[in-house]
Every structure is written in structure tokens, then in C-alpha cells.
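Asker: sequence first, predicted coordinates after that:
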Amino acid sequence: MPVSLDIDGEVVDVEASQDDLLLWVLRNALRKNGPKYGCGAAQCGACTVLANGIPIRSCVFPLSALADKKIETLDGLRAPDGGVHALQAAFILEQAAQCGYCSAGVIMTAAALLRANPAPSDQRVRQALDGNLCRCGSHNRVVRAVLRAADMMAGR
Amino acid sequence: MSPMLSRRNLLQAGSGIVVGLSLSGGQVVGQTTDRLPAYLANNPRLDAWLRIDANGDATLFTGKVELGQGVLTALVQIAADELDLPIERFGVVSGDTRISPDEGPTAGSLSMPESGTAIQFAAAEVRHILLDAAARRLNVPMSVLRTTDGVVTSPDGRKITYGDLAGGEVLRREATGRRAPKPAASRRHVGHSVQRIDLPAKFQGEPAFLQDERPEGLLHGRVVRPPFAGARLVGVSDSQAAGMPGVVKVVRDGSFLAVIASDERQAMLARDALERAARWEGEAPEVSHETIHEWLKSRPSDDSRIFSKTDPAPAAERVHEATYRRPFLMHGSIGPSAAIALLDAGEYVITTHSQTVFSTAPAIAQMLGVPVASVRLRHAPGSGCYGHNGADDVAADAALLARSVPGRPVRVQWERRDEHAWEPLGSAMQIELRAGVDRNGDIVDWRCDLWSMPHSTRPGGEAGNLFAAQTLAQPFAAPPARAIPAPSYGPDRNAIPAYDFSRQEITTHLVRDTPVRVSALRSLGAHANVFAIESFIDELALAAAADPVAYRLRHLSDPRAIETIRRTAQSFGWDGFVRAPGRGRGIGFARYKNLAAYCAVCMEAEFSADSGVVTIVRATVGVDAGAVVNPDGLRNQIEGGLLQSISWTLKEEVRFASGRVLSDSWAAYPILKFSEAPPVDVVVIDHPDAPFLGAGEASQGPAAAALGNAVSDALGVRVRSLPLTPDRLRAAASGAIAPRGKH
Ligand code: FES
Ligand code: FES
């Protein structure tokens, strides 16, 4: 039975079962690159996507929990005018990664934060990202990039 | 994606980010050489390094691979400068054993001095050949021609492009090394602002990692690992797994047990079923993380006196002794290891994020019993590895599975618990130091005895170093770990102090038995050795009632070491430090491998007596990496290493018992979080005329030492065993009776 999902602004039917986990459906059936497999246990944040604007760990969510939810992945993240999103631009400007494996989850978590809180403090950004692990030690660059994106989005 | 980076991802400079490097590793910049740079001598054909197509676009071939350190960007900068061709007109083919020049492993901070130099000379010569061809075509002397952005122009305005010149056989010749690279002053890219070429795709959800490759007909493999080291598979009833939906095959060879399915989730479910159906037997040594150090000292060891010195000096008036310990540590890559293998027409093609494609390919060939020429490894980026993690082992797993389904690509993805439980760990160590001091408290005698297991079991062409190969029905025995000799050393890396103590004896006790898998983790023994040496120096300074910075300077004569410590301490505000209750400061210093970058770290830490938790208030790190041509890349590496070392030192210990790793998830092995990362100030000490000094691992040791010293300063008592966990610190603080020194 195909399952209908709303992903990155498109409604798609995928051959999957309701208990399939979102991460594998995104990566394999829908060929999304952003959400990454890191732990499969909601412990690292690499697989983070947004469901109705809320960051979720796609590695533990079965499709049955996502009916009628709008899913957003890094692959579909765009600025309102369709161009490169301010977060993506700011991450490039700050060179906010080493290996970049954590980046997709970090950027999606930050995207949700900035929608809820367009001018967060340094501390607030860190709190929001505490469930995202980065092993390369890019933490401070990432925080700078998120703050810079907030400035860019506010036209500062 | 293919290891060929697309040109549209090659962004140019302009954001204030500077990438660059020194090229002087053993070569004098801007001069010709009678001896080719080593990698060029090994791979002398110019078209092995550079090719130019009819459009004038270039492809750079390199054996070095991107691990998150930005190496490909740096190598393109070098080639772009020498060729006079814009960066965005380069594609890169990296780490393909069939078509890239063999440049050895991507490790040891050697890419820039060695690979960079080879590419510099190759590109300089290619440009010369193109100029020569242009001169013939335009019938003018070469000396009057100019090259700009891939176009050769003659004084009368006639133009000819590289694309027109590079056809046919023109680059099919061997390098002579007789074409001088450009002098530093005429470089446009090296030393200037260039963004990493690989990052935009990673930030925009484009295919950028091995995991994003989805070849036609891809199958998914999962491997069932033994429950503990040394366990043998004595039985498995595989009928349930074999009958599960999507399962293509259950593969068993001795104790190697795996499943291949057409869908990844089905592979995971079948793996779980297989795991439940498997029966294992065996014995593991009765040792755990709690007893590892006693165990280490009780085992037979290879003992070697790696250094001794007997300069005249007054007799010691007093002797101090202390013992320091480090537990097993994990690389802890955020992405568990993965590989894709395909057996087609007798050839294995394996996509891997290995650091050592050229020496892992023959190891896999040996395991498979096929000629080396029929195994091709091609690199694609994975998660950061920080040394020898599961990358090579999963490549071997994938090869074994591909063998059983010829014509179909198989991706093996290690699960999180596979990576946590089976990646080769950084060895536990014990370091015993003894110092004799004269009547001023200055150190005249220094003795170090260190115990460690090996720090490198990289494949190195031997199947016995691959995890799967050790478990086959016809197993390959693990060969004895190779020693890493002077001057780099392995367990004993940085065990020789940088200080001028008159009499020294440094002895390594290498224990070859290991209760868990071990191999190279960023900086090898330097993390523990620098932690021990620099902690002990602080203890001796305290005993001498001396300031730790001044005390270090008293024992140093290398001017660059002195400058690094001084500038770091000054920038940190060491002298004006105002002590708040519960707070302390610490310094740590080392020159990595005693031959690479100099690095000093100062930290301020706050200790909460109630919770036992340490908060790092701030850190300053000073680095002298010789000629600094890549300040942003250098800062990124130095700060990243420092934060990683804080995580190791403060939080990490691999718990295990009887061969079973208990730290098998992030919940069981916590690492540094965003809210725990302190502000870091990086001070780059530039020596433009000095050679490039590898820096990627330089901050691991000094950061650990500064942290240990700051914590001990805050506590008023020394803690000599890592990690500095709340339980350990609270226990130390409550037993603290020694009055704090007044530094
Ligand atoms: S992969 Fe989902 S949180 Fe780690
Ligand atoms: S940049 Fe490598 S894990 Fe974050």
C-alpha cells in the first residue's frame, strides 16, 4: 500500500509500510541526501528533519506518526525567494564545518529555532543544538553561522 | 557521488576566509630541483596528476583524500597558481587506486609538505609544456608569452587556449622537476581567501558523501558482529532470516555472518533475527576498564629505552614521582562506517572512506585470494574519522558480500553499536614520571616509563589487520603491530619532553596483547604523554613555589617554544589573572611529535563542588605552524582538535568487560555538547619564512594538559587519571587536604 507523504512541499506516494522509519524512506525511496544516519536511536541529531516546523529525529519516527505532517529536509531548504537559504549562505561564509556530516541535522535544527526566535542569543543557539553531536569540534563556528544567518534574515 | 567534485561547487574567494599553505616541505620554494619531490618521483607521468580537456578545464588527480580537513581545496589552490587557471575550472579525482597517483596514506599531517610540493612541481612543468607548445604554434619565443586564466597571449595580441594546446600526447611525459614553481609573491590563490570546495554540497543536501551514492541495483548488507572479542560462531539457524521479506542472501564464512537484502530496513530486521539465532563461544581476558592499567603492567612487554641523556648537572636534592592514566578512547565518528562494493567481470570496485586506499586494497585482495590488480578502491567522503576507525573494516565486509552476489553493488552500513563496539580504539596508557630537582626546585633528572598497547594496526597490505578476515573459516591472523619509529613514535609520541632537563631516561613498555581492538587515534600517544608531562611540570612548579608559566620558561631554550608560550599566556591574560572562588587556570604546551607545530593552550575552569561538574570558562590556544598560509584552515583544525581533546579529557572513557565494549551508544559514551564548548581564542604565530609544520593534531595534548592543570588549580588537588569526571573530581576534592599553592 503506498503511503502518502508531504515532503519538501510535494505530496508523494511511496511504496512503504506504516511502520517503516522515516529516515530510511527519505534516504532510500526518496533519495534525499540531507538527513543522515548517525545512531538510529535519537541520540545524535544527524537525521533531523522538520515535521510541521518542529525538529524531529527521523530515525525513530514511523510513517504512521507522520500522516498530515509537512516534512522538510535540508534538500528542500530554500530562502523565501527560492534562492540559497540564509543558513546555508552563513555556513559557507563561516566555513562552519570540518567533515560536514553533522551539518544537515544542525542546519535543520537551527532553521526551526530561527523561525521561532529570529534573534536568539548565543546561549539559546547552543541550547537548541545540544541534541546535535559534532565530533569535529566545529561547535563555535556553527553557533557563529547561526547568529550570522539570523542577522542576514533580519537584514542586519 | 563520484570523487570528482563538480566544477560548479568550486567557489571562489572573497569572504575574508583565507586558505593557503606553505609549500616548502623540504623543497626550496621557487627553485628547481635535481631530485623530484618524492611523490612525483614515484608517479612521474605528468598526466597522472593533471589533465586538460578540449574546453581547457583541468582535472587534478591526487592520492590524498578529503577527511574534513580541506585538503582537496588546498591542493587545487596550488595547481591553480602554477597553471594560471581559475580554481573553478578544476575538477578533482581523489583516492582512486586505479587512476590516482599513489601518495600513501592521508595521515600524519604530511599532505601539504609532500603532496602539495609534488603537485606544485607537476603543475609548473605542465604550464611550461603548454607555453612551449604555444610558442611553436605562434612562432614566437616562449619568453614573450603570458598566461592568464588558461589563455596564452603573445605580444601581438594573438591568443591560444590551454584547451587548444593540451590535446593528444602533449602531457604524456615524465616530470623532470626542472621547472621552477612560482615565487610566493606571484601566487594568487595560495595564501588567499578560498572557501572549501566540498562544503556547499554538504550544506545544501546535494550528494556529497559515500552514503549518498545509490548505484543502480544497490543491495544493502548488515553484518552480525560477535558479542565479545574472540568469540567464535558455533551455530546459527538462518532459516528465519533467509525467509524474511527482501532478503537476498545470508552469508556465513566461519564467524563472519551477514545478510544482504534489497531494502535497507529489511536488511536491518534480518540482521536482528540472525543475531538472535546465532550462538557464540569463546573466552575473553578477564579485564575491564576498571582494571586495565593493572592488567597492562602485568603483561609481557617489549621494553625500549627510546631516549637518554646524561649532561652534567648538580645532584638532585629531592625526588618527586607521579603516575598518570588514560583510558581507552573512541574515534566516535558521527556517521558509522560504510562502504559499497561491486564484483563485476572479475574486478572488485569498492567505494570507501578509508584514509589508506593504496594499502587497504592489497589487504582486501589478500583476504579475497585474488590478485591485487583486481581490487580497486575509490574514495568518497564519509564522516570525520580522526584516525583509523571502522572505514577499512567495513570495506572488507562489503567486498565479502559483493563476492556472493556478482554484478550487484552492495552497501554495508555499520550500525551505531557496530562502530562503538568494534572500531579500533585509542589505547589506554599508564605513564610513570619521576623527577629530581636541585635546590632551586629546577629539574635535573627526568625519568619516564610508559605502558601502552599498540597505536597503529592499519591494514598496511595485510588481510590480518581487517576485522572480517580475522573471523573467516580460513582466518588471517593479526600480524604483530608495526612499531612507529623515531622521530614520530607511536605510544611514545611526545614522550620525550621539550624541556632541557640535563639527565633523561625515557622507556616505552609496549604490551602487544589487547583485550579490545586498538589502532591510530588522532595524535596517538601524544594526548596522554603531554597530559602527563605537563601535569607533572605543574606539580613540580607548585613544589618550587613557582608560577607555572615562568617555571616552564626556565627549562626551555627553543626560542619558538618560548615565544609560543609567552604569546599564548599574554593573550590569555595569565599575569593579570584574577582568581574567583572555585576557579582555576592552567597551561599546557608541546611541539607536536617534537618536530611539527608548536602549540600552547591556556584555560580557565570553574569547578562546582556540589555537582562535581567542570565548566570551561574560556580557552586561548597559540600555534606556531611555521609559514602560515592558511589561517582559517589552521584555526579550524586547531580549535576543532582542542574541543575534541576537551571532550576526551573531561568526559570520555570506553567501558568494557571481558572483551565486550559496554559503551555501545552515545548515551553510554557521551561527548562534548554545544553548550559545553567554551569560547576559544586562536592566536596564530606566523613565521612566513619558515617551513610548513603539520598542525592537524597539535592541540590534542596541550588542551588536555591545560584542562587538567586548570581543574587541579580550581580544586586545590591533583587529579592524575582521565577522564576528569564529576565523581572522580568530587572524590578528589573531598579528600583534598593539601593546601593550595600560591601561584
Ligand atoms: S540518526 Fe537519528 S538521532 Fe542519530
Ligand atoms: S563537522 Fe564533522 S561532525 Fe560536525
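Answerer: Structure's in. What do you need? Residues are numbered from 1 along each chain as shown, chains lettered A, B, ... in the order given. Ligands and ions are numbered 1, 2, ... in the order given.
Asker: chain A - how does it break down into domains?
Answerer: Taking automatic domain parsing as the criterion, chain A consists of the domains A:2-76, A:86-153.
Asker: gap between the two ends of the first one?
Answerer: To tie it back to what came earlier, the one meant is domain A:2-76. 22 Å (CA to CA, to the nearest Å).
Asker: what about that domain, near ligand 2?
Answerer: No: counting by CB under 6 Å from any ligand atom, ligand 2 has no neighbours in domain A:2-76; the shortest distance is 8.3 Å. Where C-beta positions appear, they are placed from N, C-alpha and C, glycine not excepted.
Asker: anything in that domain near chain B?
Answerer: Yes: shown here: domain A:2-76 in contact with chain B (CB under 8 Å from any CB of the partner chain) through A:20-21, A:24, A:27-28, A:31-34, A:36-41, A:43-44, A:46, A:73-76.
Asker: residues contacting the nearest residue in space to B:Arg416 that is not next to it in sequence?
Answerer: Spatial nearest neighbour of B:Arg416, chain neighbours left out: A:Cys39 (4.2 Å); criterion: CB to CB, 6 or more residues apart in numbering or on different chains. Neighbouring residues of A:Cys39 by CB atoms under 8 Å, 6 or more residues apart in numbering or on different chains: A:46, A:59, B:416, B:665-666.
Asker: show me which pair in the residues you listed is furthest apart.
Answerer: Spatially, the most separated pair among the contacts of A:Cys39 is A:Ala46 and B:Ser665, at 13.9 Å (CB to CB).
Asker: higher neighbour count, those two?
Answerer: A:Ala46 (28 against 17; other CB atoms under 10 Å in any protein chain shown).
Asker: okay, the more buried one: pLDDT?
Answerer: What the model reports for A:Ala46 is a pLDDT of 98.
Asker: excluding its backbone neighbours, what's nearest it?
Answerer: Distances taken as CB to CB, 6+ apart put A:Gly38 closest to A:Ala46, at 3.1 Å, once the chain neighbours are dropped.
Asker: give me the three-state assignment for that neighbour.
Answerer: Assigned with DSSP: H, G, I helix; E, B strand; the rest coil, A:Gly38 falls in the coil class.
Asker: what's around it, how many residues?
Answerer: By the other CB under 10 Å criterion, the neighbourhood of A:Gly38 contains 30 residues.
Asker: same thing with B:Ser143?
Answerer: Neighbours of B:Ser143 (other CB under 10 Å): 7.
Asker: for it, give me its contacts.
Answerer: Listed by CB under 8 Å, 6+ apart, B:Ser143 has no contact partners.
Asker: ditto for the one 4 residues further on
Answerer: With contact set as CB under 8 Å, 6+ apart, B:Thr147 has these partners: B:84, B:127, B:130-131, B:153.
Asker: spatially, and excluding backbone neighbours, which residue is closest to the closest residue to ligand 2 within the stretch 501-650 of chain B.
Answerer: Closest residue of the stretch 501-650 of chain B to ligand 2, CB to the nearest ligand atom: B:Gly640 (7.9 Å). Of all residues not flanking B:Gly640 in the chain, A:Gly137 sits nearest, at 3.3 Å (CB to CB, 6+ apart).
Asker: confirm the one you found sits in a helix?
Answerer: No: per three-state DSSP, A:Gly137 lies outside any helix segment and is coil.
Asker: domains of chain B?
Answerer: Using automatic domain parsing, the domain ranges for chain B come out as B:7-203, B:211-282+B:333-422, B:429-455+B:490-733.
Asker: pipe the ones you listed into TSV and attach mean pLDDT per row.
Answerer: Below are the domains of chain B laid out as TSV (pLDDT from 0 to 100):
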stretch	mean pLDDT
domain B:7-203	83
domain B:211-282+B:333-422	97
domain B:429-455+B:490-733	95
